[in-house]
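Peer 1: no sequence for this one, just the structure:
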């Protein structure tokens, strides 16, 4: 008989229940603030998966508004992925840094095209090469104007209200009201344009009080990469646009390729971008990722019976066992653990947090929402969200066929090209968080850390 024939017992989320305990905590009093990485916090422990049927800029913006994070998928060109990250970082903030500008000689047609492409309503006009502000052109200036070949200098508003960086939102509101305008141009000591404050940005800051924001008030965003040179090139390009977190994703992250990619990115971007790496299911693998420079670790390989890695390769680990083992290691290193896979409702989310995870990546539940990529179609009396509206409902191939992709990558969920329509992501997130809050109340937990420390499991 083989010397290593010992069979280890491992439990999944479906095998256990959380034990209730004495509690004076009400759901409304509970805080769901949590760590994403060693230095970045979220207000809810939810992350939308970096998959092509789940997260592009619309989903990432919605998730950040709600207090979570979106991972822009990498099943697109480098340029497209960079642009998706840029859309999130430009969506709002204390002020728009390095805004899109035009010169006085730019045609009205080109200015209109920029406004449509980037979904903006005004563009500062600056002289070249001084970058000094000479005007601003807005939708109001070009309304009813038809000679698009004319330069913007003939239409722009020349009386521009400029301010210095660091202006308080309340003061910005007063200036806008005083001058009956919707935009303030931020300039440096030499009068060069360095930013833009808009009334929409100020409104959004108050509309989404729990939004996940960086130090400049911009929405947080993550992006997925694989391993190797392509991953490094993508990470560097997106870091230059303000990317907060790069998610380095591999079917089995316990490999030299993964460790080399983490180290390479860490050496080039020591503090500008955080690194989340995975997936792993053992403490040894988690330790190797953290030693290489990862700021958080994702857990999950073959977490559920329907996972392709189980059915096709016969490989996997029940998610509860994987989380408990990895958390035991990562807590000693001060590193957050993120669950990736096996979350099909608020019950699994609560068990994952109770097991020690500080956040969860959600894929299937969010793939049919309004903010996910794709279109809504009607088939046979049912409503679906499809990534390719011309395709008939069919399963994806079990192995990735993308050139340069991970040869071991399996589609964990075997997602159908047609996914049941689920409404807004806000509705789905509220459903998950409501269930989590209920579980925290049952266990007497006031916050995520309290839940991790107090939670106890019983086997069914």
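Peer 2: Received, thanks. Just so you know, these numbers come straight off a predicted model, no measurement behind them. Residues are numbered from 1 along each chain as shown.

Peer 1: so where is the stretch 151-300 of the chain shaky, pLDDT-wise?
Peer 2: Filtered on pLDDT under 70, the stretch 151-300 of the chain yields the residue ranges 270-271.

Peer 1: now the strands for it?
Peer 2: Assigned by DSSP state E, counting those that start in this stretch, the stretch 151-300 of the chain shows strands spanning 162-163, 183-187, 193-198, 222-225, 245-249, 274-280, 296-299.

Peer 1: who touches the longest one?
Peer 2: Counting by Cβ atoms under 8 Å, 6 or more residues apart in numbering, the neighbours of strand 274-280 from elsewhere in the structure are 36-40, 222, 244-254, 258, 262, 265-266, 286, 289, 292-301, 322, 326, 338, 340-341. Glycine gets a C-beta too; all of them are placed from N, C-alpha and C.

Peer 1: Could you grab the helix/strand/coil label for the residue positioned nearest the centre of the chain?
Peer 2: Nearest to the centroid of the C-alpha atoms of the chain, with distances taken as Cα atoms, centre = their mean, sits residue 70, at 1.7 Å. Here residue 70 is strand, with the state taken from DSSP: H, G, I helix; E, B strand; the rest coil.

Peer 1: Measure how buried the closest residue in space to it that isn't next to it in sequence is and give me the count.
Peer 2: Leaving aside its chain neighbours, residue 70 sits nearest to residue 60 (2.9 Å; criterion: Cβ to Cβ, 6 or more residues apart in numbering). Neighbours of residue 60 under the rule other Cβ atoms under 10 Å: 29.

Peer 1: Tell me if I'm right that residue 60 and residue 73 touch.
Peer 2: No: with contacts counted by Cβ atoms under 8 Å, residue 60 stays clear of residue 73, the gap being 10.1 Å.

Peer 1: Surely the residue nearest to residue 70 is in a strand?
Peer 2: No: counting by three-state DSSP, residue 60 is located in no strand; its state is helix.

Peer 1: Quick check, pLDDT for it.
Peer 2: pLDDT, residue 60: 98.

Peer 1: gap between it and residue 426?
Peer 2: In this view, residue 60 and residue 426 are 14 Å apart by Cβ to Cβ, to the nearest Å.

Peer 1: For the longest helix along the chain, buried residues please.
Peer 2: In the chain, assigned by DSSP state H, the helix with the most residues is helix 425-442. In terms of neighbour count (16 or more other Cβ atoms under 10 Å), helix 425-442 has its buried residues at 425, 428, 429, 432, 433, 435, 436, 437, 439, 440, 441, 442.

Peer 1: Just list the residues touching the fourth one, thanks.
Peer 2: So that's residue 432. Contacts for residue 432 (Cβ under 8 Å, 6+ apart) come out as 46, 345, 346, 349, 362, 365.

Peer 1: can you give me the helices in the stretch 51-200 of the chain?
Peer 2: Secondary structure of the stretch 51-200 of the chain (DSSP state H, counting those that start in this stretch): helices at 57-65, 78-90, 108-118, 139-142, 169-179, 199-207.

Peer 1: ranking the ones you listed by burial, who's on top?
Peer 2: Comparing the helices of the stretch 51-200 of the chain by mean neighbour count (mean count of other Cβ atoms under 10 Å), helix 57-65 comes out on top with a mean of 25.

Peer 1: about what we covered before: gap between the residue nearest to residue 70 and residue 372?
Peer 2: Residue 60 is 11 Å from residue 372, by Cβ to Cβ.

Peer 1: Residue 257 too?
Peer 2: Separation of residue 257 from residue 372 (Cβ to Cβ): 30 Å.

Peer 1: out of these two, which sits in the busier spot?
Peer 2: In this comparison of residue 257 against residue 372, neighbours counted by other Cβ under 10 Å, the higher total goes to residue 372 at 26 against 16.

Peer 1: quick one: that one and residue 53 touch, right?
Peer 2: Yes: Residue 372 lies in contact with residue 53 (Cβ under 8 Å); the separation is 6.3 Å.

Peer 1: Give me the common contacts of those two.
Peer 2: Counting by Cβ under 8 Å, 6+ apart, the common neighbours of residue 372 and residue 53 are 385, 419.

Peer 1: Let me see the contact set for residue 431.
Peer 2: Here residue 431 is in contact with residue 346 (Cβ under 8 Å, 6+ apart).

Peer 1: Quick check, pLDDT for it.
Peer 2: You'll see residue 431 listed with a pLDDT of 96.

Peer 1: Report the angle between the strand or helix carrying residue 350 and helix 425-442.
Peer 2: Using DSSP states H and E, residue 350 sits in helix 346-354. Angle between the axes of helix 346-354 and helix 425-442 is 60 degrees (criterion: axes from the mean of the first three to the mean of the last three Cα atoms, to 10 degrees).

Peer 1: so what does helix 346-354 touch, helix or strand wise?
Peer 2: Other helices and strands packing on helix 346-354, by 3 or more Cβ pairs under 8 Å, 6 or more residues apart in numbering; DSSP states H and E, are strand 16-18, helix 319-332, strand 359-362, helix 425-442, helix 448-454.

Peer 1: Check the burial of residue 107 by counting its neighbours.
Peer 2: Using other Cβ under 10 Å, residue 107 has 15 other residues around it.

Peer 1: That one against residue 153, yeah?
Peer 2: No: in this structure, residue 107 is not within contact of residue 153 by Cβ under 8 Å, at 10.5 Å.

Peer 1: Ok, which of the helices and strands packed on helix 346-354 comes nearest residue 134?
Peer 2: When the helices and strands packed on helix 346-354 are compared by Cβ to Cβ, helix 425-442 sits nearest residue 134, at 41.7 Å.

Peer 1: if I look at residue 320, how far off is residue 278?
Peer 2: To residue 278, residue 320 is 17 Å away according to Cβ to Cβ.

Peer 1: So which of these two has more stuff around it?
Peer 2: Set residue 320 next to residue 278 and count neighbours by other Cβ under 10 Å: residue 278 wins out with 29 against 24.

Peer 1: domains in the protein, as residue ranges please.
Peer 2: What automatic domain parsing lists as the domains of the chain is 13-91+219-459, 96-207.

Peer 1: Ok, which of these comes nearest residue 5?
Peer 2: Nearest to residue 5, of these and by Cβ to Cβ, is domain 13-91+219-459 at 16.2 Å.
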